[in-house]
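Novice: Sequence plus predicted model, see below.
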Amino acid sequence: MKTGIFGGTFDPLHNGHLAIASHFYHQCGLDRVLFIPAAWPPHKPAGPLASFPQRLAMTERATRGQRAFFTCDIEGQRSGRSYSVDTLNQLRQHYPADSFYFLIGMDSLLELDSWKEFRRLPQLCHLVVAQRPGYSAITGQTELPVALQPDFCYDPALPGFRHKDGNLLIFLKETDCPISSTQVRTALRQHQPVEQLVPAVVLAYIRQHQLYGADFVKESH
């Protein structure tokens, strides 16, 4: 089974996440996409605004009923910071027959050498990169982050990059997304309508639990 891994704080999950996941699913020919909320994100010292159970609940509601999207609470089952290499090791133990495709943003790729055991990541899975606004596409070997260049080579047959262990570095097309969780939280604090930004079930949960200052969110008409 080809399993996509989409991790993030999802604080909150929004329609942009679902759109990117759809591109991820179709372009990589996946069988399923696992949404994995980070329990304790290592690159966000201040931590998420909503608790892990709340972010997990919002993600579960957004993926429920989606044919190939599922929510996984694996990082909430561990103590300590939520490192991707630990999650991938666990998933490979749970699903030894699966081939894993791990989605990251272009900003994360450029900073991958700051991640725990970053050289292990492309040994455990294919790396799939979503474009971010303001970042240029990588089309040549020398444009890769310096720390990754010894481990990847350009394969014109793909065309793309292949790790020395055989896994791929894949760049998604058409994944620029104008929505961010910060934008959603700001709109909620300012009591602006967000119905076009988040799934209805997520907004209902936010209102029910009065997250992000959303106790008096205006309805859009």
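Specialist: Cool, got the structure.
Novice: And the helix or strand that contains residue 203, how far out from the chain middle?
Specialist: Per DSSP states H and E, residue 203 falls inside helix 200-209. How far helix 200-209 lies from its chain's middle: 21 Å, per CA atoms, centre = their mean, to the nearest Å.
Novice: name the helices or strands packed onto the lowest-mean-pLDDT helix or strand in the chain?
Specialist: Scoring the helices and strands of the chain by mean pLDDT, DSSP states H and E places strand 152-155 at the bottom, with a mean of 91. With contacts defined as 3 or more CB pairs under 8 Å, 6 or more residues apart in numbering; DSSP states H and E, strand 152-155 has these neighbours: strand 160-163. No exception for glycine: its C-beta is placed from N, CA and C like everyone else's.
Novice: which residue packs closest to residue 145, ignoring adjacent ones?
Specialist: Distances taken as CB to CB, 6 or more residues apart in numbering place residue 110 nearest to residue 145, at 5.6 Å, with adjacent residues excluded.
Novice: what about the one you found, neighbour count?
Specialist: When neighbours are defined as other CB atoms under 10 Å, residue 110 has 17 of them.
Novice: Helices along the chain, start to end?
Specialist: For the chain, the helices defined by DSSP state H occupy 15-27, 52-63, 84-94, 106-110, 121-124, 181-189, 200-209.
Novice: Just the CA trace of the fourth one, in PDB.
Specialist: When you say that, I think you mean helix 106-110. C-alpha atoms of helix 106-110 as PDB (Å, rounded to 0.1, in the frame of the first residue of the first chain):
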ATOM      1  CA  MET A 106       9.600  23.700   0.700                       C
ATOM      2  CA  ASP A 107      10.600  25.700   3.700                       C
ATOM      3  CA  SER A 108      11.100  22.500   5.700                       C
ATOM      4  CA  LEU A 109      13.200  21.000   2.900                       C
ATOM      5  CA  LEU A 110      15.600  23.900   3.000                       C
END
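Novice: Quick check: buried residues in it?
Specialist: For helix 106-110, burial by neighbour count (16 or more other CB atoms under 10 Å) applies to 106, 108, 109, 110.
Novice: coming back round to it: can you give me the distance of the residue nearest to residue 145 to residue 64?
Specialist: Separation of residue 110 from residue 64 (CB to CB, to the nearest Å): 34 Å.
Novice: residue ranges with poor pLDDT in this protein?
Specialist: The chain contains residues with pLDDT under 70 at 47, 214-221.
Novice: residues in contact with stretch 109-118?
Specialist: Residues outside stretch 109-118 that contact it (CB atoms under 8 Å, 6 or more residues apart in numbering): 42-43, 83-86, 104, 108, 121, 127, 129, 135, 138, 145, 147-148.
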